[in-house]
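I'd like to go over a predicted model; first the sequence, then the structure.
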Amino acid sequence: MRSIWRSINWIKALKITVGAVAAILLAEAIGLHNAASAGIITLLTVQNTRRETVRSSIRRVAAFGIMTLLSTPVYMFCGTKPWSFGIVLLFLLLICYGLGMEDSIPINAVMATHYMAAGGVTLGMVGNEVLLLLIGSGIGVCLNWFMPQNLQQIRKKQEELDTEIKGILQRMSRRLQETDHTGYGTDCFQRTERLSEELRREADLFLQNQTWRSDLYYIRYVTMRREQCTILQEIYRQIIKLTIVPEQAKPLSRFLAEIASQYHECNDCTGLLERLEDLHAAYRSDALPENREEFENRAILYCILTELRSFLEIKQRFYYSLPEQERRQFFGE
C-alpha cells in the first residue's frame, strides 16, 4: 500500500485540480456557455512533459477547426438530431485517427455536442468554444511551463554510473595480476546497464521539458558510457582467459589503475592515450615469448591494450564532438 501511495504523481494531480477549477471559474466569469468544459480541457491538456503539453494543445486546436468545419454543413442540412452528431463524430474519428490526433477526439466530440445543443454552428457559438479551448489549453500549458527540473537527479545518476565504471576498472587492474578468477563475475555490468537505463530515462525527461531547445548533451553522454561498458565487457572476457601473469601485465595493471583515477566527465583522455602509446612502444621492444602459453597470454594483454585504446577514443570523440559553448558550460574553461 505504501508503494502505491509513493507511485502517485502528487504534483501533477494537484496541478490538474487547481488548473481545472481555475479554468471553470474564469470561463464562468467571462459568461461562457458550458464553462465546465474548460476544466475538462485543462485536465486533458496537462501532460507529463512541457513539450508534449504544447504539442497536444496544438493538435487539439487543429482538431477543433476540423470539427467545426464538419459540424457546420451537417447540422445545417441534417438538423441537430443524435444521428447528425453521429455523422460528425464518424468523420472526426476517421480524420483524427489518420492524422495521429487521437488525444484530441474526446474534448472536440464534447464541443460538437455543444453545437448540437445550441441548434447548430453560429459565430457566437464558435467564439464561445474558441474561448473555452483557449482558456482550458492556456491554463494547462501555463501549469506545465513551470516543470520541476530533474538536473539534480541526472547528475546523481551520472555520478552513480561513473562510480560503478570506475570500480570495474579498479577491479580489472587487480584481476589482471591474478590467475584465479573465482568470484569474478558479470554482476557489475548488470548494474551499469540498469544505471545507464535510468540515466537515459531522466535525460529523455529533461529533453522533453525544454520545449523549444534540444539539449542533447545528457543523451550523448549516456550513449558514450554505454559504448564504453561494451568495451569493458570484452576486456573482462579477455582477463578471465589469462592462465599466467606475464611480466607485461604489471604496467598494464598500473595503466588501468591510472585510467580509473582519471575517470571523470571532464577528461578528454589525451594524456591517457599518450601513455597508451608509450605502453605499446614498450611492448614492442620486449623480448619475444619463449613458449606457447606465454605467447597466448601476451596476445591477450595486447588485445586488452587495443580495447583500451577504443575505450579512451570513445570518450575523446565525445569530448571534441561537443560545441565549444557546451564544453565551457559542462567542463569549465
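Received, thanks.

Helices of the stretch 201-333 of the chain, start to end?
217-239, 249-261, 270-285, 292-321, 324-331 (DSSP state H, counting those that start in this stretch).

in the third one, what counts as buried?
Judged by neighbour count (16 or more other C-beta atoms under 10 Å), helix 270-285 contains these buried residues: 272, 275-276, 279. Backbone N, C-alpha and C define where each C-beta goes, glycine included.

Buried residues of the helix or strand hosting residue 65, list them for me.
Element membership for residue 65, per DSSP states H and E: helix 50-78. Of the residues in helix 50-78, 50-51, 53-54, 56-57, 59-60, 63-64, 66-68, 70-72, 74-75 count as buried by neighbour count, 16+ other C-beta under 10 Å.

average pLDDT for it?
The average of the pLDDT scores along helix 50-78 is 87.

helices or strands up against that helix?
Packed against helix 50-78 by the contact rule (3 or more C-beta pairs under 8 Å, 6 or more residues apart in numbering; DSSP states H and E) you find helix 36-45, helix 82-99, helix 105-117, helix 123-145, helix 187-208.

Can you say which of the ones you listed is nearest to residue 292?
Residue 292 lies closest to helix 187-208 among the helices and strands packed on helix 50-78, at 31.1 Å (C-beta to C-beta).

Report the inter-axis angle for the closest one versus helix 217-239.
Using axes from the mean of the first three to the mean of the last three C-alpha atoms, to 10 degrees, the inter-axis angle of helix 187-208 relative to helix 217-239 is 170 degrees.

Now do helix 187-208, average pLDDT.
In this model, helix 187-208 carries a mean pLDDT of 86.

Tabulate the CA atom coordinates of that helix in PDB.
Extracted in PDB, the C-alpha atoms of helix 187-208 (Å, rounded to 0.1, in the frame of the first residue of the first chain):
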ATOM      1  CA  ASP A 187      27.100  -8.600 -11.900                       C
ATOM      2  CA  CYS A 188      28.800  -5.200 -12.200                       C
ATOM      3  CA  PHE A 189      27.700  -5.000 -15.900                       C
ATOM      4  CA  GLN A 190      24.100  -5.600 -14.900                       C
ATOM      5  CA  ARG A 191      24.400  -2.700 -12.600                       C
ATOM      6  CA  THR A 192      25.900  -0.400 -15.200                       C
ATOM      7  CA  GLU A 193      23.100  -1.400 -17.600                       C
ATOM      8  CA  ARG A 194      20.400  -0.600 -15.000                       C
ATOM      9  CA  LEU A 195      22.100   2.700 -14.100                       C
ATOM     10  CA  SER A 196      22.500   3.800 -17.800                       C
ATOM     11  CA  GLU A 197      18.900   3.000 -18.500                       C
ATOM     12  CA  GLU A 198      17.800   5.100 -15.500                       C
ATOM     13  CA  LEU A 199      20.100   7.900 -16.700                       C
ATOM     14  CA  ARG A 200      18.600   7.600 -20.200                       C
ATOM     15  CA  ARG A 201      15.100   8.000 -18.900                       C
ATOM     16  CA  GLU A 202      16.000  11.000 -16.800                       C
ATOM     17  CA  ALA A 203      17.800  12.500 -19.800                       C
ATOM     18  CA  ASP A 204      14.700  11.900 -22.000                       C
ATOM     19  CA  LEU A 205      12.500  13.600 -19.400                       C
ATOM     20  CA  PHE A 206      14.900  16.600 -19.200                       C
ATOM     21  CA  LEU A 207      14.900  16.900 -23.000                       C
ATOM     22  CA  GLN A 208      11.100  16.800 -23.200                       C
END
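
hang on, the earlier thing: could I get the helices of the stretch 201-333 of the chain as a markdown table with mean pLDDT?
As requested, the helices of the stretch 201-333 of the chain are arranged in a markdown table below (pLDDT from 0 to 100):
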| stretch | mean pLDDT |
| --- | --- |
| helix 217-239 | 92 |
| helix 249-261 | 91 |
| helix 270-285 | 86 |
| helix 292-321 | 89 |
| helix 324-331 | 73 |
